[in-house]
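>>> following is a predicted model, sequence given first.
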Amino acid sequence: MTENDIATGYPNTWYAAAFSTELRRGKTLRTHVAGRPVLLYRTADGQPRAVDPVCPHLGADLGGGFVRGNDIVCPFHHFAFAPDGHCVRTGSGVRPPKAQLASYPVRERNGFVHVWVHHTGAAPTWEVPEADTSGYEGTHTWVLNYRAHPIDMIENAHDYTHFAFVHDGTFAEPAGEPKAEGHMITQRLFLTDFWFRTEKNRVDSTLTFYGPNLVIGEIKIPAVNARVLAIGAHTPRKGREVTGMTTTRAQVTLPKGTPATLVRGVNRLLTTFAGYTSGRQIERDGPIWTDRTFLHHQRVTEGEQHIPLIRRWAQQFYSDPA
Ligand code: FES
Ligand SMILES: [Fe+2]
């Protein structure tokens, strides 16, 4: 059994390693995901790949290499590796040795390149869903680097009491207990004083987490006939360094007959507003996450039982496959 402790390790899950737009055809991107160096690249035919950047020939870092066609080429002796990881060519033209690059499962969904990392190397047990973006136009993208525990974002979303103190006096009323179903957990909240400052203009927010590090939020704002789709990622890089990445889309239903250019303009404006203001909220959490200690025994109040519930649910992402 391999050790992977919730206090110090990383969940076995899909991680948003980059935005799709960061990984252009024929280009490489060096990064870290869940404590491991990962080299992302996109083949000439457009497929994203994620590999362990250590060349099996003599150990050079493939991050300094380049993509030729669909192959990744090492900078040292120009050994080329096909998308299936096999060494298919050497720079000198001699027959390549039997060598295989270690790779990670990759899925490109919702404008992100997702990489599956399991501490034992086990295959994915579930899939990243494709969000329904129909009716939305344009996307607001937001990125922030901060220090945090890998499960800080999901725990934070279920810690309703801090909203009032950290997030502009927002008051959250849960529609019920969070619903956990395997790798997913869904929670519906009514928010007062988030975007709108009157009691009757509540925001109806449903967040579904897919594993502890990816969230799809569907938010309705009845006061202005609008809806928002927010896709968020909390991606541990190395140590406690995390990249927070969000894409936000917003759509408002305007009266029939409103000129299409006006509808587009309003939607773009609302998208920018919703994306910017949500991003600002994570900036407020950041400093608290940075200096927080992972407590093995939390002392929660009566109304905070969902916080340990999240911790227990997240435990499944630290276990070995059965
Ligand atoms: S170390 Fe990569 S080709 Fe030699
Ligand atoms: Fe927060």
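That came through fine. Numbers count the residues shown, from 1 in each chain. Ligands and ions are numbered 1, 2, ... in the order given.
>>> can you tell me how far the spatially closest residue to Pro75 that is not a sequence neighbour sits from Gln100?
Nearest non-adjacent residue to Pro75, counting by CB to CB, 6 or more residues apart in numbering: Gly64, 4.2 Å away. The C-beta positions use only the backbone N, C-alpha and C, and glycine is treated the same way. For Gly64, the distance to Gln100 equals 20 Å [CB to CB, to the nearest Å].
>>> for the residue in the stretch 151-300 of the chain that ligand 1 sits nearest to, give me the pLDDT.
Nearest residue of the stretch 151-300 of the chain to ligand 1: Lys238, at 23.1 Å (CB to the nearest ligand atom). We have a pLDDT of 97 for Lys238.
>>> can you check Thr139 too?
For Thr139, the predicted pLDDT is 95.
>>> in three-state terms, label the residue of the stretch 151-300 of the chain closest to ligand 1 for me.
Secondary structure for Lys238, judged by DSSP: H, G, I helix; E, B strand; the rest coil, is coil.
>>> what's near enough to touch Gln187?
157-158, 174, 178-179, 206-207, 306 (CB atoms under 8 Å, 6 or more residues apart in numbering).
>>> show me what it is bridged to.
Leu207 (DSSP bridges).
>>> can you tell me how far it is from Lys179?
7 Å.
>>> how many neighbours does His78 have?
16 (other CB atoms under 10 Å).
>>> and the nearest residue to it once chain neighbours are set aside, how many neighbours?
Leaving aside its sequence neighbours, His78 sits nearest to Gly91 (CB to CB, 6+ apart; 2.7 Å). Gly91 has 13 neighbours, counted by other CB under 10 Å.
>>> Gly91 against His77, yeah?
Yes - Gly91 is within contact range of His77, at 5.0 Å (criterion: CB atoms under 8 Å).
>>> how about the closest residue to ligand 2 within the stretch 1-150 of the chain, what does it touch?
Closest approach between the stretch 1-150 of the chain and ligand 2, counting by CB to the ion: Ala148, at 11.0 Å. The contact partners of Ala148, taken as CB under 8 Å, 6+ apart, are 234, 236, 240, 242, 286, 289-290, 292.
>>> how about the residues of the stretch 151-300 of the chain that lie near ligand 2?
Listed as neighbours of ligand 2 in the stretch 151-300 of the chain under the rule CB under 5 Å from the ion: 156, 285.
>>> pLDDT weak spots in the stretch 151-300 of the chain?
195-200 (pLDDT under 70).
>>> before we move on, what SS does the residue minimising distance to the centre of the chain have?
Among the residues of the chain, the one closest to the centroid is Ala233, at 2.3 Å (CA atoms, centre = their mean). Counting by three-state DSSP, the backbone at Ala233 sits in strand.
>>> ok, and the closest non-adjacent residue to it?
Here the residue nearest Ala233, using CB to CB, 6+ apart, is Ala16, at 3.4 Å.
>>> any idea whether the one you found is helix, strand or coil?
strand.
>>> what about it, how many residues nearby?
By other CB under 10 Å, neighbour count at Ala16 equals 26.
>>> this completes my enquiry, with thanks.
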